[in-house]
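Colleague: Here is a sequence with its predicted model. Questions after.
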Amino acid sequence: MSAVDPVPVRLARGVRFRRLPDGNGVLLVPEGVVNLSESAAAIAELIDGERSSSDIAAALSQTFDAPQATIESDVDELLARFAGNTWLDDAARG
Amino acid sequence: MRLEAEMDAPRPLSILAELTYRCNLQCPYCYNPLDLQSYRSELPVDVWTRVIDEAAALGVLQAHFSGGEPTLRADDLVNLIESARKRDLYSNLITQGTFLSDELIARLEAAGLDHVQLSLQASHAGLADSIAGARVHEKKIDALRRVAKSGMAVTLNCVLHRANIDDVEAIIAIAEETGVRRVELANVQFYGWALVNRGALMPAREQVERAAAAVASARTRLAGRIEIDHVLADYYERFPKPCMDGWGRKFMTVAPDGRVFPCPAAPAIKTMQFENVLDRSLADIWRSSSSFNAYRGTEWMPQPCKSCDRREVDWGGCRCQAFLLAGDAALTDPACSLSPMHALVERAVAVENGEPEWVPRKMKSAG
């Protein structure tokens, strides 16, 4: 995936993000509940089927006031791990 | 004001709702209890709805609907999935698929079902139907194809044992061919009917090793396309499975009659009393019942668990297996190589595999 990838990212069917009352983010997947770290949750929460990976990085760089290039590599790494677990929808990623 | 012990109770993540133990199949490895006829009295849907509401209020995030065959209560199942959805719970249907008409699939999807786990008995009808005790394999393959086509997330599940474990590559090929993204290959666990049939179901060690190699190579070939979850056989490993991730830590099971178990195999522990949702709230049972508190944490542990570095990894293994094999649920799981009773498991692996006949699961005349 390149940093200028315009393809929207979407969670696969059977995968849901949920923000719990205590503020923690979890990914609900067929095999169970994945407790996400704060940064992983911030990324997962922005996966909406419309934003591309660079859109997500751009949104986060505003929220956290950090350079977009730094955040982009984190976003790409997390999305690659999600994809490796078949938690992302291929169709949306082309 | 709550008692301190109640505040210390961990929060459940997941509930297994066993809507009925009725089933039209007779799989000899079913983990359901042997006295199936004593669960004939099934909770009505309004009580199940209350259970789902109480589970959500307790912090449960996932509801797994199972049985028996849960689609035998199709209308209730659809209602309960809607209730789960309203409470923002993730819902999972565990089914053998023989009643999944297009109409039911559409209703389940409209109700908000997140995931379907559909089980096959083997890769081809000859073997699969002899395991199921009914001519259902082709129908199940058709159901699998239709669920996958609907777009709902689906996992193909197959319980592996002596008769079908050499079949893993062909089972994975069915997932590829039907468009399924997840496969769960679970070695048989010896509870309920499977323990009765242990001699006939126990694979040879070479079979277990060959299957593990076949799964590893399929995983490499299918990486990113199909996720393969391979649940190994605890009888063949050095350390026991961390059953339920610890007793009363994350999971609870509600049986068809309303009894609540810390593990689906727990009714096997005949020395233990279990509470019923007809008598007490789910929260009360989770926090304060003697059954859920019996083996929580590490205080109850005997040696060698108590001083073991893995005590919060394995949680002593499985309480039900300790009771079934060693006669005491408070002992180290004999599947652990450090257990003084481990010879029970080694002997079963060495001696038992190869017995020819199994007893089919039946509602009556069990055990």
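Modeller: Ah, there it is. All figures in this text were calculated on a predicted structure; none of them were measured in a lab.

Colleague: Quick one: the strands in the chain, in order.
Modeller: The chain I'm using is chain A. For chain A, strands defined by DSSP state E occupy the ranges A:16-19, A:25-29, A:32-35.

Colleague: that's the wrong chain, I meant chain B
Modeller: Using DSSP E, the strands of chain B run over residues B:14-18, B:62-66, B:90-95, B:115-120, B:153-160, B:182-187, B:227-231, B:251-254, B:260-261.

Colleague: what's the closest non-adjacent residue to B:Cys320?
Modeller: Spatial nearest neighbour of B:Cys320, excluding adjacent residues (CB to CB, 6 or more residues apart in numbering or on different chains): B:Ala265 at 4.1 Å. Using the backbone N, CA and C atoms, a C-beta is placed for each residue, glycine as well.

Colleague: Where does pLDDT dip in the chain?
Modeller: No chain specified, so I'll use chain A. A:1-5, A:91-94 (pLDDT under 70).

Colleague: my bad, chain B
Modeller: Checking chain B against pLDDT under 70 turns up B:1-9, B:353-356, B:365-367.

Colleague: re earlier: so the residue nearest to B:Cys320 sits against B:Tyr31, correct?
Modeller: Yes. The criterion here is CB atoms under 8 Å, and B:Ala265 meets it with B:Tyr31 at 5.8 Å.

Colleague: which one of the two has more residues nearby?
Modeller: B:Ala265 (26 against 19; other CB atoms under 10 Å in any protein chain shown).

Colleague: now the strands of chain B as CSV including distance to chain A and mean neighbour count?
Modeller: CSV is the format used below for the strands of chain B (distance: least, CB to the nearest CB, whole Å; neighbours: other CB atoms under 10 Å in any protein chain shown):
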stretch, distance to chain A, mean neighbour count
strand B:14-18, 7, 23
strand B:62-66, 6, 23
strand B:90-95, 4, 25
strand B:115-120, 4, 24
strand B:153-160, 2, 25
strand B:182-187, 6, 21
strand B:227-231, 5, 18
strand B:251-254, 10, 24
strand B:260-261, 19, 24
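
Colleague: As a markdown table, these with distance to A:Phe82 would be great.
Modeller: Below are the strands of chain B laid out as a markdown table (distance: least, CB to CB, whole Å):
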| stretch | distance to A:Phe82 |
| --- | --- |
| strand B:14-18 | 21 |
| strand B:62-66 | 19 |
| strand B:90-95 | 17 |
| strand B:115-120 | 17 |
| strand B:153-160 | 14 |
| strand B:182-187 | 14 |
| strand B:227-231 | 12 |
| strand B:251-254 | 25 |
| strand B:260-261 | 34 |
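
Colleague: which residues are common contacts for B:Ala265 and B:Tyr31?
Modeller: B:189, B:191-192 (CB atoms under 8 Å, 6 or more residues apart in numbering or on different chains).

Colleague: Out of those, list just those in helices.
Modeller: In this view, these that belong to helices under DSSP state H are B:Gly192.

Colleague: Chain A: which of the shared contacts of B:Ala265 and B:Tyr31 is nearest?
Modeller: B:Gln189 (16.9 Å; CB to the nearest CB).

Colleague: quick one, phi psi at the residue lying closest to that closest one once chain neighbours are set aside?
Modeller: Spatially, and ignoring its direct neighbours in sequence, B:Gln189 is nearest to B:Tyr31 (6.6 Å; CB to CB, 6+ apart). Main-chain torsions, B:Tyr31, degrees, to the nearest 10: phi -80, psi -10.

Colleague: got the residues of chain B near chain A?
Modeller: With CB under 8 Å from any CB of the partner chain as the criterion, chain B meets chain A at residues B:13-14, B:61-62, B:88, B:90, B:92, B:114-115, B:117, B:151-155, B:181-182, B:223-227, B:229.

Colleague: Kindly recompute the last result at 6 Å.
Modeller: Proximity of chain B to chain A, by CB under 6 Å from any CB of the partner chain, involves residues B:13, B:61, B:90, B:114-115, B:151, B:153, B:155, B:181-182, B:224, B:227.

Colleague: Tell me who's in contact with the residue nearest to B:Gln189.
Modeller: B:191-192, B:265 (CB atoms under 6 Å, 6 or more residues apart in numbering or on different chains).

Colleague: hmm, try it at 8 Å
Modeller: So B:Tyr31 contacts B:189, B:191-194, B:264-265 (CB under 8 Å, 6+ apart).

Colleague: what's the closest non-adjacent residue to the residue positioned nearest the centre of chain A?
Modeller: By CA atoms, centre = their mean, chain A has its centre lying nearest to A:Ala44, at 3.4 Å. Leaving aside its chain neighbours, A:Ala44 sits nearest to A:Phe17 (4.8 Å; criterion: CB to CB, 6+ apart).

Colleague: B:Cys305 versus the one you found, what's the distance?
Modeller: Using CB to CB, to the nearest Å, A:Phe17 is found at 37 Å from B:Cys305.

Colleague: how about the residues of chain A that lie near chain B?
Modeller: By CB under 8 Å from any CB, the residues of chain A that approach chain B are A:12-16, A:18, A:26, A:28, A:30-33, A:83-86.

Colleague: In ChimeraX, how would I select just the buried ones from the residues you listed?
Modeller: Of the residues of chain A next to chain B, the buried ones can be selected in ChimeraX as follows, counting by 16 or more other CB atoms under 10 Å in any protein chain shown:
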select /A:12,13,14,15,16,18,26,28,30,32,33,83,85,86
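
Colleague: just curious, which of the residues of chain A next to chain B is nearest to chain B?
Modeller: Chain B lies nearest to A:Gly14 out of the residues of chain A next to chain B, by CB to the nearest CB, at 2.3 Å.

Colleague: give the contact list for residue 67.
Modeller: You didn't say which chain, so I picked chain A. A:Pro67 is in contact with A:Ser61, counting by CB under 8 Å, 6+ apart.

Colleague: was after chain B, sorry
Modeller: By CB under 8 Å, 6+ apart, the residues touching B:Gly67 are B:18-23, B:32, B:94, B:256.

Colleague: what's the nearest residue to it if we skip its chain neighbours?
Modeller: Setting aside the residues directly before and after it, B:Gly67 is nearest to B:Thr20 in space (CB to CB, 6+ apart), at 5.1 Å.

Colleague: any idea how far B:Phe65 is from the one you found?
Modeller: Distance, B:Thr20 to B:Phe65, using CB to CB: 10 Å.

Colleague: for B:Trp300, same thing?
Modeller: 31 Å.

Colleague: just B:Leu201 next, same as before
Modeller: Here B:Leu201 is placed at a distance of 26 Å from B:Phe65 (CB to CB).

Colleague: just B:Arg146 next, same as before
Modeller: Distance, B:Arg146 to B:Phe65, using CB to CB: 19 Å.
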